[in-house]
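Novice: here's a sequence, model it:
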Amino acid sequence: MNNKFFPSNFLFITIMFMGTMFSLSSSHWLTMWMGLELNLMGFLPLMNIKGKMLEAEASIKYFIIQSMSSSILIISSIIMYSYTLSWYSMFTNTTISYLIMMSLIMKLGGAPLHFWLPSITKQMSWSILFLILTWQKLAPLFMLSLLNTHYTPLIIISITSTMIGSIMALNQTNIQLIMTYSSISHLGWMLSMVLLNSTLTMMYFIIYIIISIPLMNMLSTNTGNQLFMLTQKNKSNNMVIISLILSLGGLPPLLGFMSKLTILISLVQMKMIMMTLLLLTGTLISLYFYLNMSLMLMIKSYLMIENPKAPKPYNPLIILNLFSSFIIYPLITMIMIYAMTILHKS
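Specialist: Presented below is the predicted three-dimensional model:
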């Protein structure tokens, strides 16, 4: 399947999309599991678009990890069914709910179970990397928000993800690996709120996707995937890429800062000061390699930048990223206060 526009790819994309939608629209644990499997079956052929040996190896690794976590999920659900005789019930048995939580964390690539993710993503094309880091996390995040379990292990996983994602990215020279570890770090922020206020988690996730679409598209147009290649001449305006990178790092007044700020406000309101400080420390560490990438892009003289004449389809996303403090922040604040009021009343 060397042709990128092979007709069957449309079928596989549809299967992948429908699998996730199947999981999201289901209230039944068995059908959620079926949706995850359907999504996996659609995604595996897409990983082999170019038909290279490295892609085949990565897709086999991905298949083994996802199958293993799905097996743990369905076995735990069946054990739970034998206790409660209901597929719809929330999980009250602590051991089983921990098992289900760890299987979903493995699917997401969270901190203690993240080792499979970097070994796969460094062999991928940018489009498949984008799908692994965004779309493939949607269903497991949704399922995680439904779990009725203790918050303590999720706090530990959240802090570990943010720290490990930031520290491991410091020594990387491959841009795809940096983006992968950055995604693990951002996952820590999402997991910190997933049981408390899933609206904020989804908002953070959507903002991460809005930043990633133009950023990964622009990085894919570079000559290679190594960090030093950012200094070479390319056709895009580097100040836009720098603004997107710093937005991922969470610098005000960019869009990435807004999502972090809302989660920080919520955590402080819940008196979780230590967790807030540890998440902030992880973000500060990650800011080092974001600034390093920005510096690589700024090294060249301004004369080497060629402004493209054709408008890009993601220009509105870039504008949204730059002016988010005036557009998005008031909206997010209103939604957050509204959600908090409902939670407080209930």
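Novice: for the lengthiest helix in the chain, name the packing helices and strands.
Specialist: Of all segments of type helix in the chain, defined using DSSP state H, the longest is helix 53-84. In terms of contacts (3 or more CB pairs under 8 Å, 6 or more residues apart in numbering; DSSP states H and E), helix 53-84 is packed against helix 29-47, helix 94-108, helix 116-121. From N, CA and C alone the C-beta is placed, and that goes for glycine too.
Novice: quick check: mean pLDDT across it?
Specialist: Mean per-residue pLDDT for helix 53-84: 87.
Novice: what does stretch 132-151 give?
Specialist: Taken as a whole, stretch 132-151 has an average pLDDT of 87.
Novice: and that stretch, how far out from the chain's middle?
Specialist: The gap between where stretch 132-151 is centred and where its chain is centred comes out at 11 Å by CA atoms, centre = their mean, to the nearest Å.
Novice: same check, this time on stretch 114-125
Specialist: Between the centre of stretch 114-125 and the centre of its host chain there is 14 Å, according to CA atoms, centre = their mean.
Novice: what's it in contact with?
Specialist: In this structure, residues lying in contact with stretch 114-125 by CB atoms under 8 Å, 6 or more residues apart in numbering are 47, 49-50, 52, 54-55, 57-58, 61-62, 65, 109, 129, 132-133, 161, 164-165, 168, 174, 176-177, 179-181, 183-184, 220, 225.
Novice: same thing with stretch 17-32?
Specialist: Around stretch 17-32, the neighbours that count as contacts under CB under 8 Å, 6+ apart are 34-42, 74, 77, 80, 87-88, 135, 138-139, 142-143.
Novice: got the buried residues for the longest helix of the chain?
Specialist: Buried residues in helix 53-84, defined by neighbour count with 16 or more other CB atoms under 10 Å: 55, 58-59, 61-62, 65-66, 69-70, 72-74, 76-77, 80.
Novice: show me what whichever helix or strand residue 290 is part of is packed against.
Specialist: Taking DSSP states H and E as the definition, one finds residue 290 inside helix 273-298. If contacts are counted by 3+ CB pairs under 8 Å, 6+ apart, helix 273-298 sits against helix 152-169, helix 175-193, helix 238-249, helix 255-269.
Novice: using CSV, list the CA coordinates for whichever helix or strand comes after it.
Specialist: If you walk from helix 273-298 toward the C-terminus, the next helix or strand you reach (DSSP H and E) is helix 315-322. Presented in CSV, the C-alpha positions along helix 315-322 are these (Å, rounded to 0.1, in the frame of the first residue of the first chain):
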residue,chain,number,x,y,z
ASN,A,315,-4.9,30.1,9.5
PRO,A,316,-8.0,30.6,11.7
LEU,A,317,-6.5,28.2,14.3
ILE,A,318,-3.3,30.2,14.4
ILE,A,319,-5.2,33.4,14.9
LEU,A,320,-7.2,31.7,17.7
ASN,A,321,-4.0,30.6,19.3
LEU,A,322,-2.5,34.1,19.3
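Novice: contacts for helix 315-322?
Specialist: 210-211, 213-214, 240, 243-244, 247, 254-256, 327-328.
Novice: surely residue 216 forms part of a strand?
Specialist: No: according to DSSP: H, G, I helix; E, B strand; the rest coil, residue 216 belongs to no strand; its state is helix.
Novice: pretty sure residue 9 sits against residue 46.
Specialist: Yes: counting by CB atoms under 8 Å, a contact exists between residue 9 and residue 46, whose distance comes to 6.6 Å.
Novice: neighbour count winner among these two?
Specialist: Neighbours per residue (other CB atoms under 10 Å) separate residue 9 from residue 46, with residue 46 holding more: 19 against 15.
Novice: what helix or strand is the residue lying closest to that one once chain neighbours are set aside on?
Specialist: Beyond its immediate neighbours in the sequence, the residue positioned closest to residue 46 (CB to CB, 6 or more residues apart in numbering) is residue 12, lying 5.2 Å away. When elements are assigned from DSSP H and E, residue 12 belongs to helix 7-24.
Novice: next one: that helix to chain centre, how far?
Specialist: How far helix 7-24 lies from its chain's middle: 19 Å, per CA atoms, centre = their mean.
Novice: kindly provide the distance from residue 290 to residue 249.
Specialist: With the distance defined as CB to CB, to the nearest Å, residue 290 ends up 4 Å from residue 249.
Novice: overlap of the contact sets of those two?
Specialist: Joint contacts of residue 290 and residue 249 (CB under 8 Å, 6+ apart) do not exist.
Novice: got the domain ranges for this structure?
Specialist: Under the assignment automatic domain parsing, the domains of the chain span 1-123, 151-346.
Novice: those: lowest mean pLDDT?
Specialist: The stretch with the lowest mean pLDDT among those is domain 151-346, which comes in at a mean of 80.
Novice: hey, which of the helices and strands packed on helix 273-298 is tucked in deepest?
Specialist: Per-residue neighbour counts averaged over each of the helices and strands packed on helix 273-298 give the maximum for helix 175-193, namely a mean of 25 (mean count of other CB atoms under 10 Å).
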